[in-house]
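Enquirer: need a 3D model of the following:
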Amino acid sequence: MAKPPLPVWRSGQLAFWNGASAQGELAYNWSAEMVLLRLPTGQIRTYSASQVRQFGWFDPNQHKQRIFVSLARNHADEQTAHGFYEVCLDGSLTVVRQLKRQRGWLSRSFHRPEQLIDTPELADLQEPFNYFVYDEGQFLTFERFFPDIYHPHMISQSRELDDFVLSHNLNARTILGQLILVDRYNNLSKNGQQTASARTPSPGSE
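Expert: Predicted coordinates:
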């Protein structure tokens, strides 16, 4: 039987709900939704989303800072619980993701949670994750991308986005294509805000 992958430790920071913080070597277990902190003594502490507000580290494989946040979500039984979500895109539309609870090729790993420690290989995939736009406490799923996300929130940039899809031969029906489209929308919105700000005269300039 193959041994479970060892945690990939990265130097990062934790921010707790009580306002305290800690620095050290971090790893994340997607299945258990627990962040691991390895102390200089070698001791490992684990924390849940009810204890940690945010954590993250710089990922040299993705060349970016990876941020995980604790968000409250209502479940089918109307109970509210905190869970960790990775922030994929930040801007006018914030995109977060969480590992799917599914029966597919990952099902055997769910019986062995240690298998789902965050690794560079897992982090680069889209298929094992559920993606959401997080909007004022609401989770808008990418499974309903066009009716719940594109038309209500992105239609103001539809002409520019349509041109972008055509010029880049983008398949906007895939998760990757939709992530690229939201990223493009965020950039357009940011540039529009900067242009509007530049055109607004400062007080006393007239």
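
Enquirer: just the strands in the protein please.
Expert: In the chain, the strands defined using DSSP state E lie at 10-16, 21-29, 34-38, 44-47, 52-59, 64-74, 80-89, 94-99, 129-135, 138-141.

Enquirer: will you turn the ones you listed into JSON lines that also has distance to L170?
Expert: Glycine gets a C-beta too; all of them are placed from N, C-alpha and C. Putting the strands of the chain into JSON lines (distance: least, C-beta to C-beta, whole Å) gives the following:
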{"stretch": "strand 10-16", "distance to L170": "32"}
{"stretch": "strand 21-29", "distance to L170": "30"}
{"stretch": "strand 34-38", "distance to L170": "34"}
{"stretch": "strand 44-47", "distance to L170": "39"}
{"stretch": "strand 52-59", "distance to L170": "25"}
{"stretch": "strand 64-74", "distance to L170": "21"}
{"stretch": "strand 80-89", "distance to L170": "16"}
{"stretch": "strand 94-99", "distance to L170": "16"}
{"stretch": "strand 129-135", "distance to L170": "16"}
{"stretch": "strand 138-141", "distance to L170": "20"}
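
Enquirer: nearest to E160, of those strands?
Expert: strand 80-89 (17.2 Å; C-beta to C-beta).

Enquirer: okay, angle between that closest one and strand 129-135 too, please.
Expert: 90 degrees (axes from the mean of the first three to the mean of the last three C-alpha atoms, to 10 degrees).

Enquirer: tell me which other helices or strands strand 80-89 touches.
Expert: The elements that strand 80-89 packs onto, with contact taken as 3 or more C-beta pairs under 8 Å, 6 or more residues apart in numbering; DSSP states H and E, are strand 64-74, strand 94-99, strand 129-135, helix 175-199.

Enquirer: now render these as CSV, adding mean pLDDT and distance to V87.
Expert: Supplementary listing: the helices and strands packed on strand 80-89 in CSV, determined by pLDDT from 0 to 100; distance: least, C-beta to C-beta, whole Å:
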stretch, mean pLDDT, distance to V87
strand 64-74, 94, 5
strand 94-99, 96, 6
strand 129-135, 96, 9
helix 175-199, 83, 12
